[in-house]
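Undergrad: Show me the folded form of this:
(4 chains)
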There are 2 protein chains.
Amino acid sequence: MINLEDIREDLREGIRQLAGSMQMNGAGRHDPVREIFAMLGDKWSTLILLVLELGTWRHTDLRRILIRLSETERISQRMMTLKLRGLEREGLVERKTTADIPPKVSYCLTDMGQNLMGEVHGLLNWVERHRVPIQQARMLFDDGEEL
Amino acid sequence: MINLEDIREDLREGIRQLAGSMQMNGAGRHDPVREIFAMLGDKWSTLILLVLELGTWRHTDLRRILIRLSETERISQRMMTLKLRGLEREGLVERKTTADIPPKVSYCLTDMGQNLMGEVHGLLNWVERHRVPIQQARMLFDDGEEL
DNA sequence: CGGTATCCTAAAAGATACTG
DNA sequence: CAGTATCTTTTAGGATACCG
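TA: Residues are numbered from 1 along each chain as shown, chains lettered A, B, ... in the order given. As a prediction, the model looks like this:
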């Protein structure tokens, strides 16, 4: 069960599946799976999605809300634009501008973005449900480290 | 619908929920939600989880499989240990050592880790299902940028 | 063998000033 | 107002050498 031959035998199928779904090869970092996972894992994108799930927001108001939500950390103008652009590029967020001068810019989820939120909430709820055991595991681990 | 007063009215509930689930305040970066999301979004953790989902692996074999899966990128010893430690700390992975000299080290998912994989696959499948529209959105976006 | 320590590069994120 | 450009700081990740 330990040498490479067995690995080849047992995992030929598994490896194909995994390589297919994570797509580490070929397309590299531009594969949708990697991008979406990285996006959800970065510092602001998921929070932005959660706020946009509540409605359509003007740029300024969205920023105000984000700053309000995270009392300790303050999203920078640059990150705000950068992350919104990223989400827009993947087709999760729609950016709308009026013809006013200066133009008013607002953001909302696309249907696909809305749809993604189902999965996000699934994960969010999972973590909530396991908050206690996770924190216990951490304490156990950290205690063992100190010895 | 635009000034801060309205935001306060409409979102008082929403804000509490969001702040509660993302926990940007107080506990800071040590909140389970942030940690788990960041973990799944990093370069190796999810792939490690997927491989461990297939069974228990010796350290060396696990590394061999990871390198095999990602032909272009090669996980370093350091990241291997670091990411496994992180997953172990959250209680998702279990590390077992024998009393041999040198000791043999193997890793597998915990029950909680196994359980998390349900959500991970949900997200994975979502991306697979939306691979085409995502790539279309990207092309559309990138075309607009060039003008 | 499995892990640690050290050093280095690359990428993420923040601060600030500027522009139509 | 919304975005861009530039610069700096911080963090993720990699290369390598060494240790029990």
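Undergrad: Please name the residues that touch the residue positioned nearest the centre of chain A.
TA: Among the residues of chain A, the one closest to the centroid is A:L40, at 0.6 Å (Cα atoms, centre = their mean). Applying Cβ atoms under 8 Å, 6 or more residues apart in numbering or on different chains to A:L40 gives the contacts A:T46, A:V120, A:L123, B:F37, B:L40, B:G41, B:L123. For the C-beta atoms, the positions are set from N, CA and C on the backbone; glycine is no exception.
Undergrad: what's the burial count for the nearest residue to A:V93 once chain neighbours are set aside?
TA: With Cβ to Cβ, 6 or more residues apart in numbering or on different chains as the criterion, A:V93 has its nearest non-adjacent residue at 4.0 Å, and that residue is A:L87. Per other Cβ atoms under 10 Å in any protein chain shown, the neighbour tally for A:L87 reads 25.
Undergrad: from the middle of its chain, how far away would the helix or strand that contains A:L87 be?
TA: Element membership for A:L87, per DSSP states H and E: helix A:77-89. Remark: helix A:77-89 is offset 13 Å from the chain centroid, using Cα atoms, centre = their mean, to the nearest Å.
Undergrad: for stretch A:113-133, same thing?
TA: 11 Å.
Undergrad: still on that earlier bit, what about the residue nearest to the centre of chain A, distance to DNA strand C?
TA: 11 Å (Cβ to the nearest atom of the strand, to the nearest Å).
Undergrad: So that residue: helix, strand or coil?
TA: Assigned by DSSP: H, G, I helix; E, B strand; the rest coil, the conformation of A:L40 is helix.
Undergrad: Could you report the neighbour count for the nearest residue to it once chain neighbours are set aside?
TA: Among residues not flanking A:L40 along the chain, A:T46 sits closest, at 5.2 Å (Cβ to Cβ, 6+ apart). A count of nearby residues for A:T46, using other Cβ under 10 Å, gives 25.
Undergrad: Check A:S76 too.
TA: 11.
Undergrad: ok, now how distant is it from B:R68?
TA: Remark: distance between A:S76 and B:R68 (Cβ to Cβ, to the nearest Å) = 40 Å.
Undergrad: The closest residue to A:Q77 other than its chain neighbours in helix, strand or coil?
TA: Among residues not flanking A:Q77 along the chain, A:R63 sits closest, at 7.8 Å (Cβ to Cβ, 6+ apart). With three-state DSSP as the basis, A:R63 sits in helix.
Undergrad: I'd guessed A:R63 sits against A:R78; true?
TA: No: the pair A:R63 / A:R78 is not scored as a contact, 11.6 Å apart, by Cβ atoms under 8 Å.
Undergrad: Comparing these two, which residue is more hemmed in?
TA: The neighbour comparison of A:R63 against A:R78 (other Cβ under 10 Å) goes to A:R63, with 18 against 8.
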